[in-house]
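Colleague: Fold the following.
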Amino acid sequence: MRLALYQPDQAGNVGTILRLAACIGVPVDIVEPCGFPFSDRALKRAGMDYAAIANVTRHRDWTAFEAQAKGRIVLLTTGGALLPDARFEPNDVLMLRSESRGVPPQVHDRADLRVRIPQSPGTRSLNIAVAAGIGLAEALRQTDGWPE
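Modeller: Numbers count the residues shown, from 1 in each chain. Have a look, this model is predicted:
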């Protein structure tokens, strides 16, 4: 199981996701460009010292990421199968969108599975760090992938 962030805009969200990934032992792919300078200083506040121990691979763009992607790409999006109905596999890559722009059509079309987290009527979307935690928790639960 992996997390992938498509051109993230917010250093705080990335730091939070790196902290989550470090604590659970899940690698993270970052598809650049980022909307902020990718540095220890930018990530330190939310990621604390966990960002330094997270297993992170940076990709210069979508093409570079796609060329090395193994397993299914599962896009967490506002349209798709409901999370409780989705079936995850151990080698899935859970992809999260850019906070301000989402993902372009070629990324959306490339996803092997599109999943949405159920929300109350009248709400638009979750923060991507929260969505990462919810989606990853369900995927790990289904695949018995939690750390010992």
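Colleague: Please name the residues that touch residue 64.
Modeller: Contacts here follow C-beta atoms under 8 Å, 6 or more residues apart in numbering; on that basis residue 64 touches nothing. No exception for glycine: its C-beta is placed from N, CA and C like everyone else's.
Colleague: how distant is the helix or strand containing it from the center of its chain?
Modeller: Assigned by DSSP states H and E, residue 64 belongs to helix 62-68. Centroid displacement of helix 62-68 relative to its chain, using C-alpha atoms, centre = their mean, to the nearest Å, is 15 Å.
Colleague: Toward the C-terminus from that helix, list the very next helix or strand.
Modeller: strand 73-82.
Colleague: Please name every helix or strand in contact with that following strand.
Modeller: Using 3 or more C-beta pairs under 8 Å, 6 or more residues apart in numbering; DSSP states H and E, the elements in contact with strand 73-82 are strand 93-96, helix 105-110, strand 113-116, helix 128-143.
Colleague: so which of those gets nearest residue 60?
Modeller: Evaluated over the helices and strands packed on strand 73-82, closeness to residue 60 peaks at helix 105-110, with 15.2 Å, by C-beta to C-beta.
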